[in-house]
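Colleague: Predicted model and sequence follow; I will ask about them next.
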Protein chains: 2
Amino acid sequence: MIAQPDPLNAVGEDADQRSVTATDQRAIPEATVARLATYLRALIGMGELGVATVSSESLAAAAGVNSAKLRKDLSYLGSYGVRGVGYDVSVLTEQIHKTLGLHQNRAVALIGLGHLGQALAGYAGFASRGFRIAALIDAHPALVGTRLRGLTVQHVDQLDEVVKRENIAIAVVAVPASAAQDVCDRLVAAGVTSILNFAPTVLTVPPHVDVRKVDLAAELQILSFHDNRKAGRADCLPLSAQQVGGQPLSAESLRAKPIRKVAVVP
Amino acid sequence: MIAQPDPLNAVGEDADQRSVTATDQRAIPEATVARLATYLRALIGMGELGVATVSSESLAAAAGVNSAKLRKDLSYLGSYGVRGVGYDVSVLTEQIHKTLGLHQNRAVALIGLGHLGQALAGYAGFASRGFRIAALIDAHPALVGTRLRGLTVQHVDQLDEVVKRENIAIAVVAVPASAAQDVCDRLVAAGVTSILNFAPTVLTVPPHVDVRKVDLAAELQILSFHDNRKAGRADCLPLSAQQVGGQPLSAESLRAKPIRKVAVVP
DNA sequence: GCGATTTTGTGAATGCCTTCACAAGGGCGT
DNA sequence: ACGCCCTTGTGAAGGCATTCACAAAATCGC
């Protein structure tokens, strides 16, 4: 298994208001938070199997990490283990659940009901893991008004209204790349503070909004890189001074076709 | 935007054969590889817009990273910039393309054609970014034999044969969690060396195989955590000594219901 | 009771990644 | 031809994250 540190779009500019929280019982590192979800899933599985207590060794194996890391991760939540015994599955499950803020069954909006959007709408994993899809939104007239999974598809123009009515803080964006920034802006304007983006584009948001990106093609490309290396191919050598493009790369061409900067909203 | 270091299933056990490659022109860090895909997309977009040259500053903005990081990342590929000018878009595009091993239009197998699998099958981003879906595989009798996107769906029993015939090194697993490990084992046996896993489960593979995981619910849970913190809720306090489960957590209960370890194939 | 055994929780060490800051390089105007 | 200005490429510093290794805690057997 590969390392997967995945800073696909890691901006890292603002991981600092970490210490100004109500419950500041030692700030939890980003890397740990990302793994808590995995631990939670493993714990729930064990709970269903009737396992009452689990050692860091077993849980780590189930989650695919090493046990020292797991113990350190859990230590950020407090001391929930018993030395010589292990962790109580139900207590730990509950604690991670709370830490992740899942005890309030959060309402989520799903924007974009193309193939991927429809697949996400039907994904049972959301419901079973603490999230309730509370709104389906699309721009396509043929879709608006149809019912899907017990919800009526709303037009994107009603986004603001729907988000406020349902008190939605988290949105999933599954629209084409060309529409993503616009949808994102509307979401932010409506008060959404967390966005999961499936569109292959970089979203620009104000600092109080979190964006996580899932880029399917990028994941494959990362695998491709490692596969390539494993195969030991020698055809990815540097080009040296060998001319590839047309004209010989001068600052003149830079002025002629000015670089279009992607807007960075502050 | 949030940091997203995403070690969802980071094992990190085996990120070491990094230096034993044919083209060992300075090993490229994992974190850099993960960003190259983003740079590539931005570059392709610029190329289509007719931009010929781009500075690290502009490209960094388009990719959502800071410019020092971008320059350091690109420096691992070699020296493709011109001081005082910037990078030639087409040269750099080509170089990243090669580095990621995308010049050979890799064949990919897609296993599992439920909602998500069908969405992935139709995802244009794969084709346009260097991958060709060469096989569709499912276990459901009603699906096997049907045609989808120009391909006939094969039964999972033919997996080995198909993978070998099409010379497939990369597979996308979109089957239910309960079937994922079995499918994974078959893929590995057939010679697949890279797996992109959408099933919410930890896959155990031999060391020469890379697995990357996309866990949709986990992504939402991470967002939920941050959202929770932003909201400053105080209801995720530690439990202290407060009893939650049934009996008072003794080693006796551990022996009574022995912990089921998840098999770790070496 | 008490020592053997198990397993947690955590300081310390190590390594990776990011960020800073600036020297070196290259074109451009005059 | 020369000096100015811009931008790259990269040592060095700093910050996180992972791993190590062990003391502390708790149970169990006798």
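Modeller: Arrived safely, thanks for sending. Numbering: from 1, shown residues only, chains lettered A, B, ... in the order given.

Colleague: that's a helix at A:Thr152, yeah?
Modeller: No: according to DSSP: H, G, I helix; E, B strand; the rest coil, A:Thr152 belongs to no helix; its state is strand.

Colleague: In PDB, could you pull the C-alpha coordinates for the longest strand along chain A?
Modeller: Taking DSSP state E as the criterion, chain A has its longest strand at strand A:131-138. Taking C-alpha atoms only, strand A:131-138 is exported to PDB below (Å, rounded to 0.1, in the frame of the first residue of the first chain):
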ATOM      1  CA  PHE A 131     -25.200  12.700   7.200                       C
ATOM      2  CA  ARG A 132     -28.600  13.400   5.800                       C
ATOM      3  CA  ILE A 133     -29.000  14.600   2.200                       C
ATOM      4  CA  ALA A 134     -31.500  17.400   2.800                       C
ATOM      5  CA  ALA A 135     -31.500  19.000  -0.700                       C
ATOM      6  CA  LEU A 136     -30.900  18.100  -4.300                       C
ATOM      7  CA  ILE A 137     -30.100  21.000  -6.600                       C
ATOM      8  CA  ASP A 138     -29.400  21.200 -10.300                       C
END
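
Colleague: In contact with A:Ile133, which residues are there?
Modeller: A:Val108, A:Ala109, A:Leu110, A:Ala121, A:Phe126, A:Ala127, A:Arg149, A:Leu151 (CB atoms under 8 Å, 6 or more residues apart in numbering or on different chains). Backbone N, C-alpha and C define where each C-beta goes, glycine included.

Colleague: What residues of the helix ranked longest in chain A count as buried?
Modeller: Counting by DSSP state H, the longest helix found in chain A is helix A:30-48. For helix A:30-48, burial by neighbour count (16 or more other CB atoms under 10 Å in any protein chain shown) applies to A:30-46.

Colleague: Considering only these, which also neighbour chain B?
Modeller: A:Glu30, A:Ala31, A:Val33, A:Ala34, A:Arg35, A:Leu36, A:Ala37, A:Thr38, A:Leu40, A:Arg41, A:Ala42, A:Met46 (CB under 8 Å from any CB of the partner chain).

Colleague: Please say whether there is contact between the longest helix of chain A and DNA strand C.
Modeller: No: judged by CB under 7 Å from any atom of the strand, helix A:30-48 stays clear of DNA strand C, getting no closer than 10.3 Å.

Colleague: average model confidence for the next helix or strand after that helix?
Modeller: Next helix or strand after helix A:30-48 toward the C-terminus (DSSP states H and E): strand A:53-54. Strand A:53-54 carries an average pLDDT of 96.

Colleague: helix or strand right after strand A:53-54?
Modeller: Using DSSP H and E, the helix or strand that follows strand A:53-54 towards the C-terminus is helix A:56-63.

Colleague: Mind giving me the packing neighbours of that next one?
Modeller: helix A:30-48, helix A:67-75, strand A:86-88 (3 or more CB pairs under 8 Å, 6 or more residues apart in numbering or on different chains; DSSP states H and E).

Colleague: Could you check how far the longest one is from the centre of its chain?
Modeller: Pointing back at helix A:30-48 there. Put simply, helix A:30-48 sits 15 Å off its chain's centre (CA atoms, centre = their mean, to the nearest Å).

Colleague: Return the list of helices and strands in contact with that helix.
Modeller: Packing partners of helix A:30-48 (3+ CB pairs under 8 Å, 6+ apart): helix A:56-63, helix A:67-75, helix A:89-99, helix B:216-230.

Colleague: Over to the shortest one?
Modeller: Contact here means 3+ CB pairs under 8 Å, 6+ apart; on that basis strand A:86-88 packs against strand A:53-54, helix A:56-63.

Colleague: what's the closest of the ones you listed to DNA strand C?
Modeller: Nearest to DNA strand C among the helices and strands packed on strand A:86-88 is helix A:56-63 (3.4 Å), distances taken as CB to the nearest atom of the strand.

Colleague: which of the residues in that closest one are buried?
Modeller: Of the residues in helix A:56-63, A:Ser56, A:Ser58, A:Leu59, A:Ala60, A:Ala61, A:Ala62, A:Ala63 count as buried by neighbour count, 16+ other CB under 10 Å.

Colleague: Which residue lies nearest the spatial centre of chain A?
Modeller: Nearest to the mean C-alpha position of chain A, counting by CA atoms, centre = their mean, stands A:Arg212 at 4.0 Å.

Colleague: DNA strand D next: which of the buried residues of helix A:30-48 are close?
Modeller: For DNA strand D, the contacts drawn from these by CB under 7 Å from any atom of the strand are A:Glu30, A:Ala31, A:Thr32.

Colleague: Please dump these into TSV; it should also carry pLDDT for every row.
Modeller: Output for those, formatted as TSV (pLDDT from 0 to 100):
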residue	pLDDT
A:Glu30	97
A:Ala31	98
A:Thr32	98
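
Colleague: Looking at those, which one is closest to DNA strand C?
Modeller: Of all those, A:Ala31 has the smallest distance to DNA strand C: 10.3 Å, by CB to the nearest atom of the strand.

Colleague: For the closest one, give its distance to B:Asn66.
Modeller: A:Ala31 sits 20 Å away from B:Asn66, going by CB to CB, to the nearest Å.

Colleague: my guess is the residue nearest to the centre of chain A is in a strand, correct?
Modeller: Yes: counting by three-state DSSP, A:Arg212 is found in a strand.

Colleague: Which residues does it form beta bridges with?
Modeller: A:Leu196 (DSSP bridges).

Colleague: Just to check, it is in contact with A:Ile195?
Modeller: Yes: using CB atoms under 8 Å, A:Arg212 makes contact with A:Ile195 at a distance of 7.4 Å.

Colleague: okay, and the common contacts of these two?
Modeller: Taking CB under 8 Å, 6+ apart as the contact rule, A:Arg212 and A:Ile195 both touch B:Leu223.

Colleague: Now the stretch 51-200 of chain A against chain B: closest residue?
Modeller: Nearest to chain B, among the residues of the stretch 51-200 of chain A, is A:Gly101, at 2.9 Å (CB to the nearest CB).

Colleague: Can you get me a residue count around that residue?
Modeller: Around A:Gly101 sit 23 other residues, with neighbours defined as other CB atoms under 10 Å in any protein chain shown.

Colleague: swap in the one 10 residues further on?
Modeller: A:Ile111 sits with 29 neighbouring residues when counted by other CB under 10 Å.

Colleague: Confirm A:Ala179 sits in a strand?
Modeller: No: with three-state DSSP as the criterion, A:Ala179 is located in helix rather than a strand.

Colleague: which residues touch it?
Modeller: A:Gly112, A:Ala139, A:Ala199.

Colleague: 10 Å instead, please
Modeller: Residues near A:Ala179 by CB atoms under 10 Å, 6 or more residues apart in numbering or on different chains: A:Ile111, A:Gly112, A:Ala139, A:Val156, A:Val173, A:Ala199, A:Thr201.

Colleague: Wait, the second one touches A:His140, no?
Modeller: Yes: under the criterion of CB atoms under 10 Å, A:Gly112 is in contact with A:His140, at a separation of 9.3 Å.

Colleague: Those two: who's more crowded?
Modeller: The neighbour count for A:Gly112 versus A:His140, taken as other CB under 10 Å, is higher for A:Gly112 (27 against 13).

Colleague: That one and DNA strand C: what is the separation?
Modeller: Using CB to the nearest atom of the strand, to the nearest Å, A:Gly112 is found at 29 Å from DNA strand C.

Colleague: Quick check: phi and psi on that residue?
Modeller: The phi/psi pair for A:Gly112 (degrees, to the nearest 10) reads phi 100, psi 110.

Colleague: So for it, what's the pLDDT?
Modeller: pLDDT, A:Gly112: 98.

Colleague: For it, give me its contacts.
Modeller: By CB under 10 Å, 6+ apart, A:Gly112 lies in contact with A:118, A:120-121, A:136-140, A:143, A:156, A:172-176, A:179-180, A:183, A:198-199.
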